[in-house]
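In: A structural model of the following input is requested.
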Amino acid sequence: MADDDEATPTLDAADMALVTELGVRRQVQEGEYLYKAGDITYDFFVLVSAEVDIVVGVDDGERVIINHGPGRFLGELNMLSGMRVLVSARVVKPGEVVAVSRDRLRQLMATNPRLGNTILAAFVARRRMLMTGAAPAIRVIGSQFSPESLAIREFLTRTRIPHEWLDSDRDPHAEGLLEHFGIAATELPIVIASGTVLRRATPGDVAGYLGLTVDSLPNRCFDLVVVGGGPAGLAAAVYGASEGLNTLGVEMTAPGGQAGMSSRIENYLGFPMGISGADLTTRAIIQAEKFGASLTTPCTVVSLGTRAGHLVARLSDGTEVAGRAVIAATGASYRRLEASRLSDFEGNGVYYAATEVEARMCGLSPVVVVGGGNSAGQAAIFLSQGGCPVTLVIRGTDLAKDMSRYLADRIEADSRITLRTRTTVEAVDGDETLRTVTLNDPDGTAVIPCAGLFSFIGADPSSGWLTGCAALDDRGFVLTDLSLSANQLGETWQTLARSPLPFETSHPGLFAVGDLRSGSTKRVAAAVGEGSASVRSVHQYLAFGAHTAS
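Out: The predicted model follows:
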């Protein structure tokens, strides 16, 4: 693979001297591995006189991704995230290296912005290279008709983890691997990573192996726990960590939320050419991890309680994490259509996201998008640009009622998108996968061919885990600060002798932001603003608590 200039910077003498002060010099020999794929962690290595190949394991041995010589350094984004190593570093020319611990590396990046930015830019560029060059590091084998296989592919894609997909129904290489590892069809989907085989794998299994779950953390008590990894939650994690709070982010599926699945956001401040939800999410994750936040996924919080002055979040596997303060940013989820046989095709023709994974599964076949909001509009445009004939279905008569004008104009001008107003989805049908959709409008019913039904209708708040802990409005969204009545605040607040801070709920120290919050503006920029601003309230709450405790 050709070298990327940003991925291969060479440190000058001054930078080498600075790094040497923080690390340990040692000699390495030809054939020695500084780290191997599958290792849980590794040091940050700077090459003084040695030469190293970065290699990925393949069926017939190893393939060189890139070569590093004197003055260069090793590592990529898993140095910040703590994710298990995907590639190996093999010494091809003996010499001297400097080994710097991860903690010392964070210290360097925090205190020397110029050198820190050079290192961070290289890490980002290297992950970009690994997305294609190191794909065999993780192999997913399953059926294209399997919702479980789709769930793993979506998780790995959204978390920007290099992987290779092998269709067990079509790929002869997949058949060979199944025979080699003695895997039965009933054990699919499987994930093969660094020689480890995960059978009947789930996103949680994969994340656990890679070190992305709470289990990988050395402690379970934090200054701030952010529940939810959409734009609001990621913004809160960035600002919390950057302002010195020991911060944990907990996300139930994959970072980014609904925004992370948007093909292009064009009305976000500072991006006149637009930015994909995946790119925006990736940048936010890197920022949060750069400042030291711990981000875990998939981890579902099922309840919240209090213990010893801390708010304690209980996860679905029974694990508990505690925070001096908690920001709830679990957003809302799309409602399910009331259509016959819908559940038969969910994850296999019926989707709640329109990413590259779903688009590839539909190919150039006709698809149906349901919904009148921005997410539906972005999905319709994304799919039509990929070559799919798109039928956009809305209940109302005016596309611009709930959709940004620029999206509505673009849809109306796109000859590949057919808009059907005053229409509902009555039924879906097919064999192994979705084949047709039955639509109902004032003129009657129509059965149209459809390889993918993309549903973006309404949204229900993901607030069940806050039951009995925070006051909700009549639709289940969380009430905060000025929206709370005296009855909802109760005696606890009389004892505190203060009013709720901005974004604070009826439970002291618990804050709610983004789509989850009652009365919020359901837009990415608004969610980012709320997540950022809420950290100021967290600081005030923690300072107030410390003052009263004394």
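In: please identify which helix or strand holds the residue nearest the centre of the chain.
Out: When C-alpha atoms, centre = their mean is applied to the chain, the residue found nearest the centroid is P255 (2.2 Å). Assigning secondary structure by DSSP states H and E places P255 outside every helix and strand.
In: kindly report the domain assignment for this structure.
Out: Residue ranges for the domains of the chain, per automatic domain parsing: 5-129, 135-210, 218-333+460-549, 342-455.
In: if I look at E187, how far off is T391?
Out: Using C-beta to C-beta, to the nearest Å, one obtains 38 Å as the distance from E187 to T391. (Glycine included, C-beta is placed from N, CA and C.)
In: more neighbours, these two?
Out: Per other C-beta atoms under 10 Å, whichever of E187 and T391 has more neighbours is T391, with 23 against 16.
In: next, that one: secondary structure please.
Out: Secondary structure assignment for T391 (DSSP: H, G, I helix; E, B strand; the rest coil): strand.
In: for it, list each beta-bridge partner.
Out: V368, T418 (DSSP bridges).
In: got the contact list for it?
Out: Neighbouring residues of T391 by C-beta atoms under 8 Å, 6 or more residues apart in numbering: P366, V367, V368, V369, I417, T418, R420, L439, I448, C450.
In: what two of those are the furthest from one another?
Out: Across these, the longest distance by C-beta to C-beta is 15.0 Å; it joins I417 and L439.
In: if we can go back for a sec, list buried residues within the contacts of T391.
Out: Among these, those classed as buried by 16 or more other C-beta atoms under 10 Å are P366, V367, V368, V369, I417, T418, R420, L439, C450.
In: what is the nearest of those residues to L198?
Out: L198 has its nearest neighbour among the buried ones among the contacts of T391 in V367, at 31.6 Å by C-beta to C-beta.
In: enumerate every residue touching the residue lying closest to that closest one once chain neighbours are set aside.
Out: Nearest residue to V367, sequence neighbours excluded (C-beta to C-beta, 6 or more residues apart in numbering): G452, at 4.2 Å. Contacts for G452 (C-beta under 8 Å, 6+ apart) come out as G349, V350, Y351, E358, M361, C362, S365, V367, V368, L383, C388, L434.
In: next step: those residues restricted to strands.
Out: Secondary structure from DSSP state E places V350, Y351, V367, V368, L434 of the contacts of G452 in strands.
In: picking up where we left off before, let me know which of the domains of the chain is tucked in deepest.
Out: Mean neighbour count (mean count of other C-beta atoms under 10 Å) peaks for domain 218-333+460-549 among those, with a mean of 21.
In: give me phi/psi at N219?
Out: phi -140, psi 170 (degrees, to the nearest 10).
In: gap between it and R314?
Out: Distance from N219 to R314, by C-beta to C-beta: 17 Å.
In: for V326, same thing?
Out: For V326, the distance to R314 - C-beta to C-beta - is 12 Å.
In: list the contacts of stretch 10-17.
Out: Contacts of stretch 10-17 (C-beta under 8 Å, 6+ apart): V19, V46, V48, G71, R72, F73, V98, L115, T118.
In: hmm, try it at 10 Å
Out: Outside of stretch 10-17, the residues within contact range by C-beta atoms under 10 Å, 6 or more residues apart in numbering are 9, 18-19, 46-48, 68-73, 98, 108, 112, 114-115, 118-119.
In: how about stretch 533-540?
Out: Contacts of stretch 533-540 (C-beta under 10 Å, 6+ apart): 223-224, 226, 232, 235-245, 247, 323-329, 480-481, 498, 500-504, 509, 511-514, 517.
In: list the contacts of the residue nearest to D473 when sequence neighbours are not counted.
Out: With C-beta to C-beta, 6+ apart as the criterion, D473 has its nearest non-adjacent residue at 4.4 Å, and that residue is S518. Contacts for S518 (C-beta under 10 Å, 6+ apart) come out as 461, 463, 471-480, 483-484, 505, 512.
In: go through those residues and say which is closest to A125.
Out: A512 (37.0 Å).
In: excluding its backbone neighbours, what's nearest that closest one?
Out: V478 (3.9 Å).
In: wait, isn't that neighbour in contact with G464?
Out: No: the pair V478 / G464 is not scored as a contact, 11.4 Å apart, by C-beta atoms under 10 Å.
In: checking R114 next. Helix, strand or coil?
Out: Assignment for R114 (three-state DSSP): helix.
In: okay, it: pLDDT?
Out: On pLDDT, R114 comes in at 95.
In: next one: N219
Out: For N219, the model assigns a pLDDT of 88.
In: returning to that earlier point: residues in contact with the residue nearest to A512?
Out: 328, 330, 461, 463, 466, 469-472, 503, 505-506, 510-514, 516-520.
In: partners of it in the sheet?
Out: Under the criterion used (DSSP bridges), V478 bridges to L472, R517.
In: where do the strands sit along the stretch 251-400 of the chain?
Out: Ranges of strands within the stretch 251-400 of the chain are 294-296, 301-307, 310-315, 320-328, 332-333, 350-351, 367-370, 390-393, based on DSSP state E, counting those that start in this stretch.
In: can I get the ones you listed in CSV with distance to I457 and mean pLDDT?
Out: Output for these, formatted as CSV (distance: least, C-beta to C-beta, whole Å; pLDDT from 0 to 100):
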stretch, distance to I457, mean pLDDT
strand 294-296, 30, 96
strand 301-307, 25, 96
strand 310-315, 29, 96
strand 320-328, 24, 97
strand 332-333, 11, 90
strand 350-351, 12, 96
strand 367-370, 6, 98
strand 390-393, 9, 98
